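Colleague: let's see this in three dimensions:
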Amino acid sequence: MDQLGLLLVLLLGALLTVPLGDRLGLPPPVLMTLLGVVLALLPFVPNVDIPPELILPLVLPPLLYATVQRTSWRQFAANVRPILLLAVALVLVTTAAVAAVAHTVVPGLPIAAAVALGALVAPPDPVAATAVAGSVGLPRRLVSILEGEGLFNDVTAIVVYHVAVGAVVAGTFSWAGAGVELLLSAVVAVATGLVLGKAGARVAGVLDDPTLRTGLTLLLPFAAYALAEELHGSGVLAVLVTALVLSGHTLDADDVTGRLAGRTFWEIVDTLVTGVAFGLVGLELSSVIRLAEGREARMLGWGALVVVTVVGVRLLWLLPATWLAERLHRPGSSAEEIPVSWRETVVMWWSGMRGVASVALALAIPLTTDAGEGFPGRDEILFLAFCVIMATLVVQGLTLPWLVGRLGVRADSDAERRLERDLALRATLAAKRRLKELQESEDLPDELVERLRRLAFDIGARISPDMVDEERRSAYERRARRLEAVQRLQHDMLSAARHEVLAARTEPGADPEVVDRVLHQLDVRSLR
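Modeller: Here you go, the predicted model:
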C-alpha cells in the first residue's frame, strides 16, 4: 500500500465510522483514531509521509470554518467570560503545570522545552470536543462553551508554543517579548480576518452561481490562515474572524439552492477532513512508540504523571471557574451559557480531549537548534504528548457517553421546542403580513386569498405542530396528508421524466451536455 492508498482507506473509514458510531453509540473521531492505530500495526501499511508543518494549514482551516458555521457573533459576545476563563486562562495554567511536572521528572529537559510540551497538550481539540459532545446529546449551551473554548484556546496555545520553541532554538527568552508577540499575533490575525471576511462577503454578493459561492467559502479559510501566518499572526484566529464576519453578512434569504448546496458541501468536508485528521493521530502512534525502546516503563510513568496533571488541572480549574461564572451571571439573563449544575461541570471536565492540533505541534518540533545541536528532549516530548492525546481522546471519548448517561445530562428539549414554537409563530405572522400587503396592492380573488391564508398557517404548523390547538392541528394534518399524496404522485411523475431523459444520454446522436441541462431543470423542479 502506498500513501495514496492509505489516504483512500482513511477517507472510506471517515464515511463508514459515522453510521458505525451511531449504531455503537460511540463518537466517529474516536473510532477513526482506533482505525489509525490498527492500520499502524499492519506491516504493509506505510508510515505517514506528511511534512508536520503542513498538517495544521491543511487540516485546521476547513475544520474551524465548519465549526464556526454553527455559531455566531452573538454567542461569542454573550459567552466572553466563560470562554476567556477556559480558552486563555486555563490554557496558560495547564501549560505552566505540565511544564513544571515535565521539567521535574524528565532528566535534562530545559524549562523552555517543557513549556513547549505544556503548550501543545494544553488546548482541547475543538473538532473532537464538539463532535463527541454533539453526538451524545449534550445541552446546547455546553456544546457552545466547548466550541468557543476549542476555537480560541488554539490561538493562545500555538503562540505560547512558538515562543517556547523559539527560545529553545535560539537559546534566549524574554517574557516581555513573548507578551508583545502574543498581542501582535492577535492584532494581525483579527485585522486579516476582518479584511478577508468583508472582501469575501463582497465577492460572494457578485457571484450569482451558488456553486461559485460555495467554492469561495472553501478558499477563504485557507487564504486567511496562510496570509495571517505570513504576516506573523495567528492563522487560527484569522480563520475564526473570517468565518464569523462571513456568517454575519446575511445572504439572500431566498437563495434556497445556494444555502442547501453550501450546507451539504460543508457537511461532506467536515466529515472527510475530520476522519482523515483523527486517522492520522492513530497512525503516528507506532512511530512514537519506537521512541521509548528500552525505557518503556519509565517513559510510561512520566506520561501517566503528565496525563494526570492535564486532566486534574482542568477539573481543579473548572470548579472555581464555574462558581465564579455563576456569581457573575445576571439573574434572569439567558444570553450567557454556563453550566448550571455540578453534573454539567463534570461533563465539561471529561470533554477536554486533545487531538489534531496537539499532534501537529508535537510533530513540528525542530530536530536541531541554531547551534546545530539536537532539540533537547524532543523524543520525550513527542512520547509524552501522545500519551496525553491517546488517554484523553480514546479513554475519555469512549467513556463520555457512559458518563453523560450516568449523570443524566441531556439537551433541554423543552427549551428547544419553545424556541421552535416562537419561530414558527413569527414565520406565520410574517407570511400573513405579506399576504395582507399583497391584498392591498393586487386584486386577488377571495378563494385564492383564503387558500393563501391557510398556506401561511401551514408554514408555522409544519415547523411546530404544538403552536396550534387540537382542532386546527387536525385540519392541518388532513391538508398535510392530501398534500403528501399529491407530492408522492408528483414525485413518481418526475421520476419517470428523469428516467426517460437519463436514458436518452446513451442514445446515438444525443448531446450529453444538453441532456444534463434538461436533467438539472428536472432536479431543481423536484427539489422545489
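
Colleague: dihedrals phi and psi, Gly372?
Modeller: When read as degrees, to the nearest 10, the backbone of Gly372 gives phi 90, psi 0.

Colleague: over to the one 5 residues further on?
Modeller: Dihedral pair for Gly377: phi 70, psi 20, per degrees, to the nearest 10.

Colleague: without its sequence neighbours, what residue ends up closest to it?
Modeller: Nearest non-adjacent residue to Gly377, counting by Cβ to Cβ, 6 or more residues apart in numbering: Leu109, 4.2 Å away. Placement of C-beta: from N, CA and C, glycine included.

Colleague: SS state for that neighbour?
Modeller: Per DSSP: H, G, I helix; E, B strand; the rest coil, the local secondary structure of Leu109 is coil.

Colleague: got phi/psi on it?
Modeller: Main-chain dihedrals, Leu109, degrees, to the nearest 10: phi -80, psi 110.

Colleague: give me the neighbour count for it.
Modeller: Using other Cβ atoms under 10 Å, Leu109 is surrounded by 21 other residues.

Colleague: please report the distance of it from Ala226.
Modeller: Shown here: Leu109 relative to Ala226, a distance of 33 Å by Cβ to Cβ, to the nearest Å.

Colleague: show me what the one helix or strand Ala277 maps to is packed up against.
Modeller: According to DSSP states H and E, Ala277 maps onto helix 256-283. Judged by 3 or more Cβ pairs under 8 Å, 6 or more residues apart in numbering; DSSP states H and E, helix 256-283 is in contact with helix 3-24, helix 28-41, helix 52-68, helix 126-135, helix 210-230, helix 356-363, helix 512-527.

Colleague: try it again with 10 Å
Modeller: Taking 3 or more Cβ pairs under 10 Å, 6 or more residues apart in numbering; DSSP states H and E as contact, the helices and strands that helix 256-283 lies on are helix 3-24, helix 28-41, helix 52-68, helix 126-135, helix 210-230, helix 356-363, helix 378-390, helix 512-527.

Colleague: so Val80 makes contact with Gly148?
Modeller: Yes. With contact defined as Cβ atoms under 10 Å, Val80 reaches Gly148; the gap is 9.0 Å.

Colleague: center of this protein, which residue is that?
Modeller: Against the mean C-alpha coordinate of the chain, by Cα atoms, centre = their mean, the closest residue is Thr67 at 3.2 Å.

Colleague: what are the buried residues along stretch 296-315?
Modeller: Applying a neighbour-count criterion of 16 or more other Cβ atoms under 10 Å, one finds 299, 302-303, 305-307, 309-311, 313-314 buried in stretch 296-315.

Colleague: just give me the closest of the residues you listed to Leu438.
Modeller: Leu438 has its nearest neighbour among the buried residues of stretch 296-315 in Arg314, at 57.2 Å by Cβ to Cβ.

Colleague: name the element that closest one belongs to?
Modeller: helix 296-328.

Colleague: equivalent analysis for Ile50, please.
Modeller: Ile50 belongs to no helix or strand when elements are defined using DSSP H and E.

Colleague: hmm, which helix or strand of the protein has the shakiest average pLDDT?
Modeller: In the chain, no helix or strand scores lower on mean pLDDT, DSSP states H and E than helix 126-135, which sits at a mean of 66.

Colleague: name the residues of the next helix or strand after it that are buried.
Modeller: Where DSSP H and E defines the elements, the next helix or strand beyond helix 126-135 is helix 140-170. Neighbour counts using 16+ other Cβ under 10 Å place 140-169 of helix 140-170 among the buried residues.

Colleague: give me the mean pLDDT for helix 140-170.
Modeller: Averaged over helix 140-170, pLDDT sits at 80.

Colleague: next, the contact list for Ala122, please.
Modeller: Counting by Cβ atoms under 10 Å, 6 or more residues apart in numbering, Ala122 touches 90-99, 153-154, 156-157, 160-161, 310, 313-314, 352, 354, 358, 388.

Colleague: can you give me the separation between it and Met299?
Modeller: Ala122 sits 20 Å away from Met299 when distances are taken as Cβ to Cβ.

Colleague: still on that earlier bit, what's the angle from the helix holding Arg314 to helix 140-170?
Modeller: 130 degrees (axes from the mean of the first three to the mean of the last three Cα atoms, to 10 degrees).

Colleague: relative to helix 378-390, how tilted is helix 296-328?
Modeller: Relative orientation of helix 296-328 versus helix 378-390 (the same axes, to 10 degrees): 50 degrees.

Colleague: can you name the element that comes right after helix 296-328?
Modeller: Next in sequence after helix 296-328, counting helices and strands by DSSP H and E, comes helix 342-350.

Colleague: and that next one, what does it pack against?
Modeller: helix 126-135, helix 140-170, helix 296-328, helix 397-407.

Colleague: for the ones you listed, which one sits closest to Leu31?
Modeller: Of the helices and strands packed on helix 342-350, nearest to Leu31 by Cβ to Cβ is helix 397-407, at 9.1 Å.

Colleague: for whichever helix or strand comes after that closest one, packing partners?
Modeller: Downstream of helix 397-407, the next assigned helix or strand under DSSP H and E is helix 413-441. Here helix 413-441 touches helix 140-170, helix 446-463, going by 3+ Cβ pairs under 10 Å, 6+ apart.

Colleague: so which elements touch whatever helix or strand comes next after the shortest one?
Modeller: Past helix 446-463, heading to the C-terminal end, the next element that is a helix or strand (DSSP H and E) is helix 470-503. Contacting helix 470-503 under the criterion 3+ Cβ pairs under 10 Å, 6+ apart are the following elements: helix 446-463, helix 512-527.

Colleague: re the thing from before, and the helices and strands packed on helix 342-350: which comes nearest Leu56?
Modeller: Among the helices and strands packed on helix 342-350, the nearest to Leu56 by Cβ to Cβ is helix 140-170 (8.1 Å).

Colleague: okay, the angle between that closest one and helix 52-68?
Modeller: Using the same axes, to 10 degrees: helix 140-170 against helix 52-68 is 160 degrees.

Colleague: so how far is the next helix-or-strand element following helix 140-170 off the chain centroid?
Modeller: Using DSSP H and E, the helix or strand that follows helix 140-170 in sequence is helix 175-206. Its chain's C-alpha centre and that of helix 175-206 lie 20 Å apart, by Cα atoms, centre = their mean, to the nearest Å.

Colleague: angle of helix 175-206 against helix 256-283?
Modeller: Using the same axes, to 10 degrees: helix 175-206 against helix 256-283 is 140 degrees.

Colleague: and helix 175-206, what does it pack onto?
Modeller: By 3+ Cβ pairs under 10 Å, 6+ apart, helix 175-206 packs against helix 140-170, helix 210-230, helix 235-248.

Colleague: re earlier: so for the helix holding Ala277, what's the average pLDDT?
Modeller: Mean pLDDT, computed over helix 256-283, is 82.

Colleague: so for it, what gets flagged as buried?
Modeller: Within helix 256-283, the residues scored as buried using 16+ other Cβ under 10 Å are 258-259, 261-262, 265-266, 269-283.

Colleague: so it versus helix 356-363, what angle?
Modeller: 40 degrees.

Colleague: output the contacting helices and strands for whichever helix or strand comes after helix 256-283.
Modeller: Per DSSP H and E, the first helix or strand lying C-terminal to helix 256-283 is helix 285-289. With contacts taken as 3+ Cβ pairs under 10 Å, 6+ apart, helix 285-289 sits against helix 28-41, helix 356-363, helix 378-390.

Colleague: and helix 285-289, how far out from the chain's middle?
Modeller: Computed by Cα atoms, centre = their mean, the chain-centroid distance of helix 285-289 equals 27 Å.

Colleague: again, but for stretch 499-510
Modeller: Distance, stretch centre to chain centre, for stretch 499-510: 43 Å (Cα atoms, centre = their mean).

Colleague: for the closest residue to Arg505 other than its chain neighbours, list the residues it contacts.
Modeller: Computed as Cβ to Cβ, 6+ apart, the closest residue to Arg505 that is not its neighbour in sequence is Val515, at 4.7 Å. Shown in contact with Val515 (Cβ under 10 Å, 6+ apart): 501-507.

Colleague: buried residues in stretch 34-47?
Modeller: Quick answer for stretch 34-47 (16+ other Cβ under 10 Å): 34-37, 39-40, 45.
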